[in-house]
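In: Just to be clear, the model below is a prediction. Sequence and coordinates:
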Amino acid sequence: MNPSNPTPPGKAKRRLLLWGAIAAIIGSALRIYYVQFAAPEVNLELHQAVGRVMAEETVHLVGHNGKVVIVTVNLSGAPELKVQVDAFEKHLKLLGGVSVKEKVVLDPGDNLKYRPGAGLSAKHFLKIARKSAGADALVSFVGAPQLSDAEFQQMKSVPKFIAETHSPEKLGNLFQKKLLLVAIVPRYDFPAPGPRKPQTGRQWFDRYFQIVVPDSPLPVEEATP
């Protein structure tokens, strides 16, 4: 500042107020962006563990020599889904012998049902199953379909089916028909095994998820009064 022409105190104060207002507007805009558009925080340990467990169960089903078809969905609002699928593929390579024949990425469109463990319709499942001839396993990260008896009759041959699903109480028919062989579901048997504060990926998985197979007891869906 030129000492011979100092800024008047009133003008300097107005400048400070102006810059303060601009800073407040920028801060408010950043907060709005973060709330509306920033990706939600993901528990990486937990969701990577889900993918690894699904890879291990897939290898248990098909052995160390097979091809699998992955079913997922392009869903920007569920970043944990990508974490699970990436961990599945990476762990499958680590286990060795089983390769990914195809990754089917569904378009959710306006279907709000899609999320990790949910959304796979009977129509999409039947279409994918028909196109998966030659695959040893079909691995769905977006749930298991509800199939009618007529839809069951349409299926001549289906690869071994494993799914992450959020509705274990609705799996009875799929298990009875020997269509679904393994399901990864949110934990409903308590107390959960392991420490209350998980330290490893498997501990995180066991705390919040569990594996169910056709002879597992399923939760009873409460009747609506």
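Out: Right, received. Where do you want to start?
In: Isn't R115 up against L75?
Out: Yes. R115 lies in contact with L75 (Cβ atoms under 8 Å); the separation is 7.0 Å. Where C-beta positions appear, they are placed from N, C-alpha and C, glycine not excepted.
In: Identify the contacts common to these two.
Out: L81 (Cβ atoms under 8 Å, 6 or more residues apart in numbering).
In: E102 is in contact with V69, isn't it?
Out: Yes. Using Cβ under 8 Å, E102 is in contact with V69, at 4.9 Å.
In: the more surrounded of the two?
Out: Legend: neighbour count by other Cβ atoms under 10 Å for E102 and V69, higher for V69 (21 against 16).
In: quick one: low-confidence parts of the protein?
Out: Applying pLDDT under 70 to the chain flags residues 1-40, 221-225.
In: change it to 50
Out: Counting by pLDDT under 50, the ranges of the chain that qualify are 1, 23-39, 223-225.
In: Can you give the domain ranges for it?
Out: For the chain, automatic domain parsing gives the domain ranges 7-38, 44-212.
In: so of those, which one's packed in deepest?
Out: Across the domains of the chain, the average number of neighbours (mean count of other Cβ atoms under 10 Å) peaks for domain 44-212, which reaches a mean of 18.
In: How far off centre is that domain?
Out: In this view, domain 44-212 has its centroid 9 Å away from the chain centroid, taken as Cα atoms, centre = their mean, to the nearest Å.
In: that older thread, any chance of the domains of the chain in TSV, plus distance to V220?
Out: Shown next, in TSV, are these (distance: least, Cβ to Cβ, whole Å):
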stretch	distance to V220
domain 7-38	39
domain 44-212	7
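In: these two touch, right, D86 and V50?
Out: No. Checked against Cβ under 8 Å, the pair D86 and V50 is beyond contact range at 11.2 Å.
In: For this protein, which segments are assigned as helices?
Out: Here the chain has its helices, by DSSP state H, at 9-37, 44-62, 79-95, 122-131, 149-154, 172-176, 201-208.
In: Dump stretch 183-200 to PDB, restricted to CA.
Out: C-alpha atoms of stretch 183-200 as PDB (Å, rounded to 0.1, in the frame of the first residue of the first chain):
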ATOM      1  CA  ALA A 183     -26.400 -67.400  -0.500                       C
ATOM      2  CA  ILE A 184     -24.600 -64.600   1.200                       C
ATOM      3  CA  VAL A 185     -27.100 -62.700   3.400                       C
ATOM      4  CA  PRO A 186     -27.100 -60.100   6.200                       C
ATOM      5  CA  ARG A 187     -26.600 -61.800   9.500                       C
ATOM      6  CA  TYR A 188     -29.700 -63.100  11.300                       C
ATOM      7  CA  ASP A 189     -28.200 -65.600  13.700                       C
ATOM      8  CA  PHE A 190     -27.000 -63.900  16.900                       C
ATOM      9  CA  PRO A 191     -24.800 -63.600  18.700                       C
ATOM     10  CA  ALA A 192     -22.400 -63.000  15.800                       C
ATOM     11  CA  PRO A 193     -19.100 -65.000  16.100                       C
ATOM     12  CA  GLY A 194     -15.800 -63.200  16.700                       C
ATOM     13  CA  PRO A 195     -15.000 -59.900  18.500                       C
ATOM     14  CA  ARG A 196     -17.400 -57.100  18.800                       C
ATOM     15  CA  LYS A 197     -14.800 -54.800  17.200                       C
ATOM     16  CA  PRO A 198     -13.700 -56.600  14.100                       C
ATOM     17  CA  GLN A 199     -10.000 -56.300  13.200                       C
ATOM     18  CA  THR A 200      -9.900 -58.500  10.000                       C
END
